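Enquirer: What follows is a predicted structure for the sequence shown.
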Amino acid sequence: FKTTSEPFSKGYFSRRIASEVKDLTAHDNFYLAQDFKYGETIQIDFTGDTYDLMTYNGQIKCWIMVITWPASYYTYAEFVTGQTTTESCRVISNAIRYWGNRIPLVAVTDNAKAFVITHKGSHVELNAAFADFMSRLSICVDAAPVRKPQVKSCCEYEVMQVQNLCKRNELVRSFSKKATIDEHSKFLQENVEKIINEGPFRKSLEKTRGFLFRTYELPAARCASEIPPYAQEYTSVVVPRSYLITVKEHEYSVPYTYIKESVDVFINNDTIVVKYKGKEIARHLRDDKPGRTCDPAHMPPKHKSIALNNELMGSQEKIIKMASEFSPELLRFCNAKFMVTESEHANKANAIKTCQGVISFYVKNSNKDLVNLSLLEMLKCPPKMWNTPCLKTIFLNKCNEYFENQKKPQQAPAQIVRATSAQAHLRDYKGADAINGSFSSNSSFSTTFST
C-alpha cells in the first residue's frame, strides 16, 4: 500500500503457491507413449470450464465437447448446452459431416451419464440411447476405467489446449457477441483449426495435426453410409391392451402381438422408434401435438377392417364418391341426407356415420335390387327415419313380400292373339280365340305369355 503497488488477489496468490509447490514436489517426469492406428479410434471428453455465450435468447451457459483422433491428435470442438446424450449425439453427427462422412471403429469415452449408466470393474452398462445411436453408425463404444484418464490422455491434453485457446482475447470477445450456438461453435472450430490443428506439433511446423489427419487418418477411416438422427430421449414402457403408447401427449401404435411386453422407446429429432430386446418393431414420424398415429399393419385383423372402412368413408366427399360407384339410389340417399343435415344445421358427423352404415349394409347384402328399392321407399319417410335400422326394417318387409309372392300359385299362361283389323276392338284373348279358332290353332300366329 505504501509503494502504491497493485496487490495480489487471494485467488492469484493461491494459484501461484500451488504451482510452485507442484514444481517442488513433483517426482514423475516421464510419460507412457501409446501407439494408435490411424483411422481406428476417437476419444471424447468435455471441458471442465464453462462459458457464457450471448445468444438471441439471452446468455446461455455452455460446455465444450472435444473429439480427438489420438493417432494424429487432430481435434474437433463444439459448444454444448449440457453434458447430455442429446447434445453428444448432435456433436458427433456434426463432426462426422465435418470430416467428410468418415468414421472410426472405436470411440473411447469417459463415464459421464451421457455415455455410461454404470461402470463397475469390467461390467459396463452403456446409456441405451447413446449405444443405439453409435451402433447404427457401426462404432464400438469403449468406456475408460473409472478415475484413469490416462487411457484417453490424448483427448485430455487437447481439452486443456482448447480451454487455453478460449482464454485468448478474440475468443473471449466473441462470447459476448449475439449469435446462435452453431455460429459460436463454427468460430471456435475455425480457431481450433488455425491455432491447434495447424499449429506446431511435437516441435514441427511441417507435420502438424492437420497434415497427419489429411495424409494418414482420413484414408484409413471408414465411410459412413448414413448419419442417423441423434437420440433425444429414451424410455421403457409396457404396451397396454390398446397397443398405443403415449409420448408427449401423442399416441403411437405398436404391433398388437407385443401387448403386456416391455419395449424401449427412442425419441429422435424427427422420429419415434420402438424396439423390443434390441429389435426395431415400430417407427413413426414424431408429432408432439395431442392426437394419435396408428399404423394399420399393427392392428388385429378385425380392427384393421374397421380402420380401413373409416379411412375410405371418413368425410362427406369420400362418402359421395363411394356411393356414386355403387348405385344411383345410394347416391341419391347420401346427397339427400347431407342436404337435410345442412339445411337443419345438424351435426355432420352423425350424417357421415349414417351414410357409412347404409353403404356398409349395401355392400354386405347380396340382393342389391331390393336394397335399392328399400332406399327409395325410405326416402318417402320423414328425414328423422333416414337411418340404418329403418332401412333394415323396410328391407325385411320387402323380403317377406317377395317370399309371399313366391308361395302363391302361378297363373296359367295366356296366349297373346294377334287379331286382324276387324277384330281390333276385342281385348279378351279367350273371346278372340272362341270367335276365330283358326288363329289359336295356327302356331305361326300364337305365342305364350308368362307372368
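Expert: All right, it came through fine.
Enquirer: any idea of the mean pLDDT in the longest helix along the chain?
Expert: Using DSSP state H, we find that the single longest helix of the chain is helix 388-407. For helix 388-407, mean pLDDT rounds to 82.
Enquirer: ok, residue 366 - how many residues close by?
Expert: 6 (other Cβ atoms under 10 Å). Where you see a C-beta, it was placed from the backbone N, CA and C, and this is true even at glycine.
Enquirer: Check the secondary structure at it for me.
Expert: For residue 366, the assignment made with DSSP: H, G, I helix; E, B strand; the rest coil gives coil.
Enquirer: Does anything pack onto the longest helix of the chain? Which helices or strands?
Expert: Secondary-structure packing of helix 388-407 (3 or more Cβ pairs under 8 Å, 6 or more residues apart in numbering; DSSP states H and E): helix 348-364, helix 368-379.
Enquirer: least reliable of these going by mean pLDDT?
Expert: helix 348-364 (a mean of 83).
Enquirer: what residues does stretch 319-331 touch?
Expert: 312-313, 333-335, 338, 352, 355-356, 358-359, 362-363, 368, 371-372, 375-376 (Cβ atoms under 8 Å, 6 or more residues apart in numbering).
Enquirer: For those residues, which PyMOL command selects only the ones that are buried?
Expert: Here is the PyMOL command that selects the buried residues among those (16 or more other Cβ atoms under 10 Å):
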select buried, resi 313+333+334+335+338+352+355+356+358+359+362+371+372+375
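Enquirer: sorry, back to before: got a markdown table for the helices and strands packed on helix 388-407, with distance to residue 323 too?
Expert: Shown next, in a markdown table, are the helices and strands packed on helix 388-407 (distance: least, Cβ to Cβ, whole Å):
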| stretch | distance to residue 323 |
| --- | --- |
| helix 348-364 | 6 |
| helix 368-379 | 10 |
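Enquirer: Point to the helix or strand of this protein where mean pLDDT is at its lowest.
Expert: Ranked by mean pLDDT, DSSP states H and E, the weakest helix or strand in the chain is strand 446-449, scoring a mean of 38.
Enquirer: quick one: the residue positioned nearest the centre of the chain from residue 295, how far?
Expert: Nearest to the mean C-alpha position of the chain, counting by Cα atoms, centre = their mean, stands residue 285 at 1.9 Å. Note on residue 285: its distance to residue 295, by Cβ to Cβ, to the nearest Å, is 11 Å.
Enquirer: residues contacting residue 46?
Expert: Taking Cβ under 8 Å, 6+ apart, we find residue 46 in contact with 63, 64, 65, 66, 80, 83, 110, 112, 159.
Enquirer: Any of those residues buried? List them.
Expert: 63, 64, 65, 66, 80, 83, 110, 112, 159.
Enquirer: among those, which are in strands?
Expert: Mapping those onto strands (DSSP state E) picks out 63, 64, 65, 66, 80.
Enquirer: So for the last one, what pLDDT did the model give?
Expert: Spelled out, that is residue 80. Looking at residue 80, its pLDDT is 92.
Enquirer: Repeat that for the third one.
Expert: According to the model's per-residue confidence, residue 65 sits at a pLDDT of 95.
Enquirer: Surely it and residue 77 touch.
Expert: Yes: between residue 65 and residue 77 there is a contact at 7.1 Å, judged by Cβ atoms under 8 Å.
Enquirer: What segments of the stretch 51-200 of the chain are helices?
Expert: 85-98, 128-136, 153-165, 169-175, 181-191 (DSSP state H, counting those that start in this stretch).
Enquirer: Can you dump the C-alpha atoms of the shortest one in PDB for me?
Expert: In other words, helix 169-175. In PDB, the C-alpha atoms belonging to helix 169-175 read as follows (Å, rounded to 0.1, in the frame of the first residue of the first chain):
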ATOM      1  CA  ASN A 169      -8.900 -12.200 -26.300                       C
ATOM      2  CA  GLU A 170     -10.500 -12.900 -29.700                       C
ATOM      3  CA  LEU A 171     -12.400 -15.900 -28.300                       C
ATOM      4  CA  VAL A 172     -13.400 -14.000 -25.100                       C
ATOM      5  CA  ARG A 173     -14.800 -11.100 -27.100                       C
ATOM      6  CA  SER A 174     -16.700 -13.500 -29.400                       C
ATOM      7  CA  PHE A 175     -18.600 -15.000 -26.400                       C
END
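Enquirer: need the helices of the stretch 51-200 of the chain in TSV with distance to residue 11, can you?
Expert: Formatted as TSV, the helices of the stretch 51-200 of the chain follow (distance: least, Cβ to Cβ, whole Å):
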stretch	distance to residue 11
helix 85-98	30
helix 128-136	37
helix 153-165	17
helix 169-175	18
helix 181-191	26
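Enquirer: Dump these to a markdown table, plus mean pLDDT and distance to residue 343.
Expert: Shown next, in a markdown table, are the helices of the stretch 51-200 of the chain (pLDDT from 0 to 100; distance: least, Cβ to Cβ, whole Å):
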| stretch | mean pLDDT | distance to residue 343 |
| --- | --- | --- |
| helix 85-98 | 90 | 55 |
| helix 128-136 | 86 | 57 |
| helix 153-165 | 93 | 74 |
| helix 169-175 | 93 | 68 |
| helix 181-191 | 93 | 58 |
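Enquirer: wait, which of those helices is closest to residue 4?
Expert: Residue 4 lies closest to helix 169-175 among the helices of the stretch 51-200 of the chain, at 27.6 Å (Cβ to Cβ).
Enquirer: Could you list the buried residues of the closest one?
Expert: Buried, per 16+ other Cβ under 10 Å, within helix 169-175: 171, 174, 175.
Enquirer: That helix - contacts with which helices or strands?
Expert: So helix 169-175, by 3+ Cβ pairs under 8 Å, 6+ apart, packs with strand 51-55, helix 181-191.
Enquirer: Poorly predicted segments of the stretch 201-350 of the chain, please.
Expert: The model of the stretch 201-350 of the chain has pLDDT under 70 over residues 231-234, 268-270, 304-314.
Enquirer: I am finished for the moment; much appreciated.
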